[in-house]
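> After the sequence you'll find the predicted model.
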Amino acid sequence: MAGVELRAYQRAAVEAVLAARRDGVRRMVLALPTGAGKTIVFAELARRARHPVLVLAHRDELVRQAHARIAAVLREDANDSREVAIEQGDHRSSRDAAILVASIRSLHDRRIGTALAGRGIRLVIYDECHHAIADDNRRVLEQIGAFADDWPGTLVGATATTRRADGRGLDEVFERIVYHRSLREMIDEGWLRPLVGMRIATGVDISDVAIRGDDFDETALAARIDVEARNHLVARSIQELARGRRTIAFCIGIHHAERLSGALRKLGVRAGMVCGEMPKPDRMRVLDRFRRGELEVVTNVGVLTEGFDDPGVSAIAMVRPTRSEAVYLQCVGRGMRTHPDASDCLVLDFVDLSGVEVMTTATLDAGRGVPPEERAGESTTGMAAIPVDDDDDEPPATLAEIEARLARFDPLVPSVREETAAISVNAWISLGARGLMLHFVDHVGALQYFAVRAEGRGAAAVWLGDRRIARVSSLWDAIAAVDDELARHGEPASARADASWRTAPCPDDLRGQLAGLCPARIVNNVGEALAHLALAEALASFAGPGRGRDQVARPLPASKAGSASPITRR
């Protein structure tokens, strides 16, 4: 029998492995996003193998998943009687087992010799192989013989991200990425749910938190973010914005997870907590309650980043800041598997992480590669810190106050987003916490812009060019006021997304300003150019003196705001 039905990209991944082995590659990587079904690919490779197979994993959940999937595939073929066994802790594989699924932590020096002796392992499959270059894990591969010149076997690693937080490249272990599938491709083809992001400014400044490797020092970070006001903001945001969604919240430490879980319960949200230090039966009981819907939210520390598979999860709360693309991808991936009850995955980002590069070109040479923020032609909104308002110690207590701190973003495309489409026909550009901008052509044919910026508790100011012309009661009232009064200042149709001037070729002066940004931007037309320049200006306003402002040009070099009449106050 042919086994389970593979998706087209899964078949392509299997064929890529076989083709690479024929070309002489012995240590290779499959880069597949979370939710792509890596264990199905493993199972198909094991089914086709003519020699004994070893599958390596790091977590209990991954070991059990791989064992169950491979055993199920083999059972579908009545002529395949091979035994699949677990080698982990008290589980000892029988000598008759042809396929071993092992916890790499269990394979210490003495056990690996006993477990593998005489088996003639010729295929080694390494799940979450970005861990492979750690010294202890590499030592296991060395004992298997994967680096010996005369080793006849094949090492196939699989990971959702080939970039490690410490900057070390997987080429320390592997020779080649033989197949890569992007997260965007998986979403566009309907295999994963799209992400819908909401960024919530916490008011916490973490700019001076120490960095260890390529991520924040966890102890210093916990001291900064595990505070009552922030936890209350997070809990209220989850309660209001993720209502009706089963939610996983990723925290920085055990105390952080416990306190956030407690804050949620105080608000009446059914919440539980899991961490690696919990006894396994206790952890499983919490997760079982979560799967059954008895708990609405689970806070956790690390244990759900890999190997946890629950398609019913449809919201991710990124409560912990991270500079690591790998960590960010693994976390948001927990909510992207398709499910009949949810059409998307909501990401509540409490740490301004929209600048994390998700749409990555897989590369083994992470240590010597060009950093994402320096790649020409890729947009980023950066890692801007949100200034603390020293005069406002009260956390938001209502949804309206939460929304006053909130800006929508697309976690896969850190650029502009038309978040006002529900109330306006015009092409407003989101500037994150800096507000909104709308470009239009005035009555004499000059390009102008309105800006709407938050001002005080819930209020908003309206700007025409560099002139503040009105203050209204809310951001949404400001948008409506601008839309109503637009005809007094210019041609209303020119403010819409399909206005002909937006698709005009980008002139040299705008291209010069784009080239001066860091990173430089590549655009197709005037509309895209103005959007990038507006975003760059907004980012510079957060950067502060001496932190990038000299890299940013003004968004409208040719603007002539003139003496427009005030917008009607509402």
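Arrived safely.
> after the helix or strand Val274 falls within comes which helix or strand?
Taking DSSP states H and E as the criterion, Val274 maps to strand 271-275. Downstream of strand 271-275, the next assigned helix or strand under DSSP H and E is helix 280-291.
> Show me what the next helix-or-strand element following that following helix is packed up against.
Heading C-terminal from helix 280-291, the first helix or strand you meet, by DSSP H and E, is strand 297-301. In terms of contacts (3 or more C-beta pairs under 8 Å, 6 or more residues apart in numbering; DSSP states H and E), strand 297-301 is packed against strand 246-250, helix 254-266, strand 271-275, helix 280-291. C-beta coordinates here come from the backbone N, C-alpha and C atoms, glycine included.
> Quick check: mean pLDDT of strand 297-301?
Mean pLDDT, computed over strand 297-301, is 95.
> Tell me which strands that strand pairs with, and in which orientation.
strand 246-250 (parallel), strand 271-275 (parallel) (DSSP bridges).
> re the thing from before, nearest to Ala158, out of the helices and strands packed on strand 297-301?
Ala158 sits nearest to strand 246-250 of all those, at 22.3 Å, using C-beta to C-beta.
> Could you check the angle the closest one makes with helix 254-266?
Counting by axes from the mean of the first three to the mean of the last three C-alpha atoms, to 10 degrees, strand 246-250 lies at 150 degrees to helix 254-266.
> Now do the domain split for this structure, please.
The chain breaks down into these domains under automatic domain parsing: 8-181, 191-409, 429-551.
> so can I have TSV of these showing mean neighbour count?
Below are the domains of the chain laid out as TSV (neighbours: other C-beta atoms under 10 Å):
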stretch	mean neighbour count
domain 8-181	19
domain 191-409	19
domain 429-551	18
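> If I average pLDDT within each of those domains, which one is lowest?
domain 191-409 - the lowest mean pLDDT of these, at a mean of 74.
> before we move on, the earlier item: turn the strands paired with strand 297-301 into JSON lines, columns for distance to Arg139.
Formatted as JSON lines, the strands paired with strand 297-301 follow (distance: least, C-beta to C-beta, whole Å):
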{"stretch": "strand 246-250", "distance to Arg139": "30"}
{"stretch": "strand 271-275", "distance to Arg139": "27"}
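> right, and those - which one's nearest Ser430?
If we rank those by C-beta to C-beta, the stretch that ends up nearest is strand 246-250, at 23.9 Å.
> and the closest one with helix 280-291, angle?
Counting by the same axes, to 10 degrees, strand 246-250 lies at 140 degrees to helix 280-291.
> re the thing from before, which one of the strands paired with strand 297-301 lies nearest to Ala13?
Of these, nearest to Ala13 by C-beta to C-beta is strand 246-250, at 27.2 Å.
> Pull the distance from the closest one to the chain's centre.
Distance of strand 246-250 from the chain centroid (C-alpha atoms, centre = their mean, to the nearest Å) equals 14 Å.
> Over to stretch 281-294?
25 Å.
> Then stretch 295-306?
16 Å.
> okay, it in PDB with CA atoms only?
Coordinates of each C-alpha in stretch 295-306 appear next as PDB, following Å, rounded to 0.1, in the frame of the first residue of the first chain:
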ATOM      1  CA  LEU A 295     -10.200  26.200  30.600                       C
ATOM      2  CA  GLU A 296     -10.200  29.200  28.200                       C
ATOM      3  CA  VAL A 297      -6.600  30.200  28.600                       C
ATOM      4  CA  VAL A 298      -3.400  28.400  29.500                       C
ATOM      5  CA  THR A 299      -0.300  30.400  30.500                       C
ATOM      6  CA  ASN A 300       3.000  28.500  30.000                       C
ATOM      7  CA  VAL A 301       6.700  28.800  30.200                       C
ATOM      8  CA  GLY A 302       8.400  27.200  27.100                       C
ATOM      9  CA  VAL A 303       6.700  23.800  27.200                       C
ATOM     10  CA  LEU A 304       4.100  24.600  24.500                       C
ATOM     11  CA  THR A 305       6.500  26.000  22.000                       C
ATOM     12  CA  GLU A 306       7.300  22.600  20.500                       C
END
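> give the contact list for the nearest residue to Phe250 once chain neighbours are set aside.
Closest residue to Phe250 apart from its sequence neighbours, by C-beta to C-beta, 6 or more residues apart in numbering: Cys331 at 4.9 Å. By C-beta atoms under 8 Å, 6 or more residues apart in numbering, the contact set of Cys331 is Ile248, Phe250, Thr305, Ile316, Met318.
> downstream neighbour of the helix or strand that contains Cys331 in the secondary structure list?
Following DSSP H and E, one finds Cys331 within helix 325-333. Downstream of helix 325-333, the next assigned helix or strand under DSSP H and E is strand 345-349.
> Walk me through which strands that next one pairs with, and which way each runs.
Sheet pairing of strand 345-349 (DSSP bridges) gives strand 195-200 (parallel), strand 313-318 (parallel).
> Report the inter-axis angle for the first one versus helix 325-333.
What that stands for is strand 195-200. 110 degrees.
> Would you mind identifying the next helix or strand past strand 195-200?
strand 211-212.
> Which other helices and strands does that following strand contact?
Secondary elements touching strand 211-212 (3+ C-beta pairs under 8 Å, 6+ apart): none.
> Quick check: next helix or strand after it?
In N-to-C order, the element after strand 211-212 by DSSP H and E is strand 215-216.
> other SSEs contacting that following strand?
The helices and strands touching strand 215-216, judged by 3+ C-beta pairs under 8 Å, 6+ apart, number zero.
> Alpha carbons of the helix or strand that that strand is followed by, in PDB - could you do that?
Counting by DSSP H and E, the next helix or strand C-terminal to strand 215-216 is helix 218-225. Provided in PDB are the C-alpha atoms of helix 218-225 (Å, rounded to 0.1, in the frame of the first residue of the first chain):
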ATOM      1  CA  GLU A 218      15.400  36.100  31.200                       C
ATOM      2  CA  THR A 219      16.000  37.000  34.800                       C
ATOM      3  CA  ALA A 220      16.400  40.700  34.000                       C
ATOM      4  CA  LEU A 221      13.400  40.600  31.700                       C
ATOM      5  CA  ALA A 222      11.200  38.900  34.200                       C
ATOM      6  CA  ALA A 223      12.000  41.600  36.800                       C
ATOM      7  CA  ARG A 224      10.900  44.300  34.300                       C
ATOM      8  CA  ILE A 225       7.700  42.800  32.900                       C
END
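> Off-centre distance for helix 218-225?
For helix 218-225, the distance to the chain centre is 21 Å (C-alpha atoms, centre = their mean).
> Give me the helices and strands touching it, please.
Using 3+ C-beta pairs under 8 Å, 6+ apart: helix 218-225 touches helix 254-266.
> for the helix it packs on, packing partners?
So helix 254-266, by 3+ C-beta pairs under 8 Å, 6+ apart, packs with helix 218-225, helix 228-241, strand 271-275, strand 297-301.
> try 10 Å
helix 218-225, helix 228-241, strand 246-250, strand 271-275, strand 297-301 (3 or more C-beta pairs under 10 Å, 6 or more residues apart in numbering; DSSP states H and E).
> about what we covered before: to Asp344, which of the strands paired with strand 297-301 lies closest?
strand 246-250 (13.6 Å).
> tell me the angle of the closest one relative to helix 228-241?
Going by the same axes, to 10 degrees, strand 246-250 makes 160 degrees with helix 228-241.
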